[in-house]
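Q: need the 3D shape of this:
(chains A and B, ligands or ions: 2)
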Amino acid sequence: MSDRTGKISGINGNMIVAEFEDYVLQNEVAYAVTGEEKLKSEVIRVRGRKADLQVYENTEGLKVGDNVEFSGELLSVELGPGLLTQIYDGLQNPLPQVADKCGYFLKRGVYLNALSYEQKWEFTPESKKGDKVKAGDFLGSVPEGIFRHFIMVPFSLRDEYEIVKMAAKGNYAGKDVIAELKDKKGNIEKVSMIQTWPVKLPIKAYSEKLKPADPLITKVRIIDTLVPVARGGTYCIPGPFGAGKTVLQQITSRHAEVDIVIIAACGERAGEVVETLREFPELKDPRTGKSLMERTIIICNTSSMPVAARESSVYTAVTIAEYYRQMGLNVLLLPDSTSRWAQAMREMSGRLEEIPGEEAFPAYLESRIASFYERAGIVRLNNGKIGSVTIGGTVSPAGGNFEEPVTQATLKVVGAFLGLSRERSDARKYPAIDPLESWSKYKSVVNREHVEYVKYVLRKSAEVEQMMKVVGEEGTAMEDFTEYLKGEFIDAVYLQQNAFDEIDGATPAKRQEYVFGVLHEILKSEFTFGTKDEARHFFHGLRQEFKNWNSDPWESDAFKNREKSLKERVKKQVKDKG
Amino acid sequence: MRKVYSRILQIVGDVITVEAEEVGNQELAEINTSRGKSLAQVIKLDGNKVSLQVFAGSRGVSTGDEVRFLGHRMQVSFSDNLMGRIFDGSGIPRDNGPSLVDSMVEIGGPSVNPAKRIIPDRMVRTGIPMIDVFNSLVVSQKLPIFSVAGEPYNELLSRIAMQAEVDVIILGGLGLKYDDFLFFRDTLEEHGALSRSILFIHTASDPTVECIMVPDMCLAVAEQFAIKGKDVLVLLTDMTNFADALKEVAITMEQIPSNRGYPGDLYSQLASRYEKAVDFSDAGSITVLAVTTMPGDDVTHPVPDNTGYITEGQFYLRNGRIEPFGSLSRLKQQVNGKTREDHRTVMDTMIQLYADFKDTKEKLAMGFQMSKWDEKLLRYGDLFENKLMSLKVNIPLEKALDLGWKIMAECFSPEETGVKTEMSDKFWPKEKLAAERENREDETEEEQEEGPKTVEDLNKQE
Ligand SMILES: Nc1ncnc2c1ncn2[C@@H]1O[C@H](COP(=O)(O)OP(=O)(O)OP(=O)(O)O)[C@@H](O)[C@H]1O
Ligand SMILES: [Mg+2]
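A: Numbers count the residues shown, from 1 in each chain, chains lettered A, B, ... in the order given. Ligands and ions are numbered 1, 2, ... in the order given. Model (predicted):
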């Protein structure tokens, strides 16, 4: 903490102006002092002897003339064992502990340690005295739930160091010194298990960033098959209110094949976070047999919490994601909703009286969104291990119209676009991802040509449907009508998924590949129908059977029998044509 | 005693700027004008220039008027004495009763720690089938009624309030027509509910700024009761007026508007009110029902749009009915699995059939041929709209479910609805079932085995 101070000379919402004597650092943390309370703030602009600060709390009661204390530090998070299972606010305040201390309501100016300084961890050295190390290298490890949590050389150390002291295997608390490192000049750095890192800077202690190639399996068929996401890639989920963005994220947070999930509830409903934090401890992660909470971290700055901290919450979340990536883990970050973060920027920009861009968003909106998503990626660490951060953010466009600045800026930078449509959600076709509008640059889990063919059928089917609205069923050619039915069939049996069905709700890649193959085969069959009613009748029977098949356990007898019966139905119809 | 200032530098809209020192942000002040006293709140500080929002409006404020700062924020008295009382947006009695000044609490306080919330699971019974059966209302839900001007939204609100079994009803009127105010008051009185109600009423002819205070006044009081273990229902009508008042002030303050003149923080402003809805882990609850009129019947208008992004669903009120499509209670699944075993079945099946009816109606309008199945659907749609959808219907959930079965049985065979056999065996009206059995011969083996599962199937097979 530095001892530089300033005095408040203006207050406008959560922005204050402070006059200072000495100097200030751009983006340093400062505290506005009112009575007993010290309110965390950040310097966001400096002009002459005046600094503009955004306050992360309600500014009620602050007065002109009140003191401001500058800290000399950038807004940072604490990184170390014990992050998993935590529920933090946007400034990394542990909310359950805040509740223990303050009761029902949040209290401004209360900042608790993000990690316990008392809890002991069983430390095992991974390096030894004399080893040469640099930022990010593993010094040792502690077991954290189901993971081996590596204790690394702090990312802020820039040099190459020699380990001059290494703690023996044993139990240590977070701030105990576990190693001493010497730089080339002979300076000694004492290292503990907890380090800090400024949230707005990406952690770059790796040897190279790779191109995302492997699919990240979400077990949501329409995603993995049609609009896949990649490990270390980025995607966005824009959609009007109530279209199913949050539910889709909740589904992926349960089923996605990653090591760690970080949920960043940014400016959305508190109730939704409560669902996760009450349910996850009870839900079993099928991969580990442990509770889902053990692989989850929740950062929550819901819509009635202070706006400035909403902006920082996404950075807090991505920094923690990068930290676990540095251990060679695959992390999935799910911010809901990035639009609220953009709005927080807009509010602040307005108070700073910056020249507004479209819909009053600041001119730097695009670059901020781009650099945020840029923090996703798959990297090769210094020790050769691979780790990744995948980001899948929701977007809440005004009026549900994708032609707005946040959606557009996001679409420019992400690798996959999972657009939700009001029409589909109104028709209760879940997940309501529009299969024709959405796109992805990543590799599907199923055969590419098959995907192309299915997309073709879907497009054709949609066209016929439009046409039928004008000319009616009577005026539609049999061939077209069949294409239409095929499209409906794909939608009903493959794209839609019942999130509440244990088996249908999560389809592993292997099963998708197999089932999609069967589906493709069916679609390719040359059906001839005498009447439209016959055609419809056939497809509806087929649909019913296929849906039931979706709920049969993989490779069970029921599964095999149903498959046989499906194929027979098809064969019969194809043969029947003569 | 705090200093009195009498140098008003500027008056723009309802915002005045005065030179003063030692003033806290959001502090309250009292202005003595020729029209009497008015409260005002600090909204901006720049050096010794203090900008205040005058609750009673700036009309008649003179540059020489006295401003006295009170050293605290806007407060509201909280005690059981509030019951049955009526106030304006500044907390001044509108009913000839005494002013209340005991145990004052600040309004617009901090939000509830999410870790202190629980997953809500208690249903609010309203006696309105379109709510109870199809979109159950849940204790602690925040739900707006999206409506076009002219719809009976206030009647709907008051009906729900009368029916709901809550401890306290708090009504916030925002830009309320005086007639509507009287309507609410009289209805509460007639049903003997006034004694457990508290009204904060801003009418269309009252100063704009007071409109902004109303939700906070209501919710601050609600919060206190909830902490004491009470279940509180807060009714706010009409939140579009609240948003418009915010817009007016923002424009006065020369803020850059983001969308159709509304300030960029409209979402946060609305959210900080709606998010007060809560079910406490070991105390009471707050349920918020609000009216949001949609200018031009346009749901993408910034007010309904932002509201939809905040609330837990919405009821669309159109042509005097709660629309089954578009209306959504996002919390319904927390309760409708525990009411009666056929609840979800009736809900899903009837809506599905109603969707099919809508399709048929469209076909009819286009002049396409009507099949036998279409005729059945038309009959069904008619019955559904008149017997269940009408807001005149007032029956408990169980009766509504029974009625649902009856309507379906009037029009279809059980198979045609796609209801699972175990359900129809149990709930399908018995006499219909018997008649059904007799004239069923022509079904093929295969079909019986598969059994069309969804209604859609049947529709298409017909
Ligand atoms: N996959 C799904 N399966 C079943 N129901 C769903 C599904 N997705 C959404 N729903 C229904 O839609 C409702 C709204 O979904 P959700 O909360 O995800 O919307 P949203 O897009 O996040 O909306 P908002 O922008 O307002 O937050 C849910 O409460 C649920 O009833
Ligand atoms: Mg959502």
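Q: would you mind listing what in chain A touches ligand 2?
A: A:K245, A:T246 (Cβ under 5 Å from the ion). The C-beta positions use only the backbone N, C-alpha and C, and glycine is treated the same way.
Q: A:G328 is in contact with A:K385, isn't it?
A: Yes. Shown here, A:G328 and A:K385 form a contact pair, counting by Cβ atoms under 8 Å, at 3.4 Å.
Q: out of these two, name the residue with the larger neighbour count.
A: A:G328 (19 against 16; other Cβ atoms under 10 Å in any protein chain shown).
Q: could you chop chain B up by domain?
A: Domains of chain B are assigned by automatic domain parsing as B:4-73, B:76-335, B:343-461.
Q: so how far is the last one from its chain's centroid?
A: Read that as domain B:343-461. Relative to its chain's centre, domain B:343-461 lies at 31 Å (Cα atoms, centre = their mean, to the nearest Å).
Q: with the shortest one instead?
A: In terms of Cα atoms, centre = their mean, the centre of domain B:4-73 is found 34 Å from the chain centre.
Q: strands of the stretch 151-300 of chain A, start to end?
A: Along the stretch 151-300 of chain A, the stretches classed as strands by DSSP state E, counting those that start in this stretch are A:160-166, A:170-173, A:177-182, A:188-192, A:195-198, A:208-210, A:234-238, A:260-266, A:296-301.
Q: mean pLDDT and distance to A:G72 for those - can I get that in a markdown table?
A: Output for the strands of the stretch 151-300 of chain A, formatted as a markdown table (pLDDT from 0 to 100; distance: least, Cβ to Cβ, whole Å):
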| stretch | mean pLDDT | distance to A:G72 |
| --- | --- | --- |
| strand A:160-166 | 96 | 24 |
| strand A:170-173 | 96 | 26 |
| strand A:177-182 | 96 | 23 |
| strand A:188-192 | 96 | 19 |
| strand A:195-198 | 97 | 12 |
| strand A:208-210 | 97 | 31 |
| strand A:234-238 | 98 | 34 |
| strand A:260-266 | 96 | 28 |
| strand A:296-301 | 95 | 25 |
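Q: which among those strands is found nearest to ligand 1?
A: With Cβ to the nearest ligand atom as the criterion, ligand 1 lies closest to strand A:234-238 of the strands of the stretch 151-300 of chain A, at 8.1 Å.
Q: of all the residues in that closest one, which ones are buried?
A: Across strand A:234-238, burial judged by 16 or more other Cβ atoms under 10 Å in any protein chain shown covers A:T234, A:Y235, A:C236, A:I237, A:P238.
Q: and what of stretch B:237-254?
A: B:237-250, B:252-253.
Q: and that stretch, does that touch chain A?
A: No. Using Cβ under 8 Å from any Cβ of the partner chain, we find that stretch B:237-254 stays clear of chain A, coming within 9.1 Å at best.
Q: what residues does the stretch 301-450 of chain B have near chain A?
A: B:301-302, B:305, B:308-310, B:312-314, B:325-326, B:328, B:330-331, B:355, B:363, B:366, B:368-369, B:450.
Q: among the residues you listed, name the buried ones.
A: B:301-302, B:305, B:308-310, B:312-314, B:328, B:330-331, B:355, B:363, B:368.
Q: pull the most distant pair out of the residues you listed.
A: Across these, the longest distance by Cβ to Cβ is 41.5 Å; it joins B:I310 and B:F368.
Q: mind listing what A:I386 touches?
A: A:L210, A:G328, A:I378, A:V379, A:R380 (Cβ atoms under 8 Å, 6 or more residues apart in numbering or on different chains).
Q: around ligand 1, pick out the residues from the stretch 201-350 of chain B.
A: For the stretch 201-350 of chain B, the residues in contact with ligand 1 (Cβ under 6 Å from any ligand atom) are B:Y309, B:R330.
Q: from the stretch 201-350 of chain B, which residue is nearest to ligand 1?
A: B:R330 (3.5 Å).
Q: isn't that residue up against B:Q314?
A: No. Counting by Cβ under 8 Å, B:R330 does not reach B:Q314; the two are 9.2 Å apart.
Q: residues shared between the contacts of those two?
A: Common neighbours of B:R330 and B:Q314 (criterion: Cβ under 8 Å, 6+ apart): A:G242.
Q: give me the next element, helix or strand, following the helix or strand harbouring A:S367.
A: Here A:S367, judged by DSSP states H and E, is contained in helix A:365-373. Next helix or strand after helix A:365-373 toward the C-terminus (DSSP H and E): strand A:377-380.
Q: helices and strands around that next one, which ones?
A: Secondary-structure packing of strand A:377-380 (3 or more Cβ pairs under 8 Å, 6 or more residues apart in numbering or on different chains; DSSP states H and E): strand A:208-210, strand A:386-395.
Q: ranking those strands by burial, who's on top?
A: Using mean count of other Cβ atoms under 10 Å in any protein chain shown, the stretch among the helices and strands packed on strand A:377-380 with the largest mean neighbour count is strand A:386-395, at a mean of 27.
Q: only alpha carbons, please: show the helix or strand just after that one as PDB.
A: For strand A:386-395, the succeeding helix or strand toward the C-terminus, using DSSP H and E, is helix A:405-413. Extracted C-alpha coordinates of helix A:405-413, given in PDB (Å, rounded to 0.1, in the frame of the first residue of the first chain):
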ATOM      1  CA  PRO A 405     -23.100  -3.500 -31.500                       C
ATOM      2  CA  VAL A 406     -22.300  -6.100 -28.900                       C
ATOM      3  CA  THR A 407     -23.500  -9.100 -31.000                       C
ATOM      4  CA  GLN A 408     -21.800  -7.700 -34.000                       C
ATOM      5  CA  ALA A 409     -18.500  -7.100 -32.200                       C
ATOM      6  CA  THR A 410     -18.600 -10.500 -30.700                       C
ATOM      7  CA  LEU A 411     -19.300 -12.300 -34.000                       C
ATOM      8  CA  LYS A 412     -16.200 -10.700 -35.400                       C
ATOM      9  CA  VAL A 413     -14.000 -12.500 -33.000                       C
END
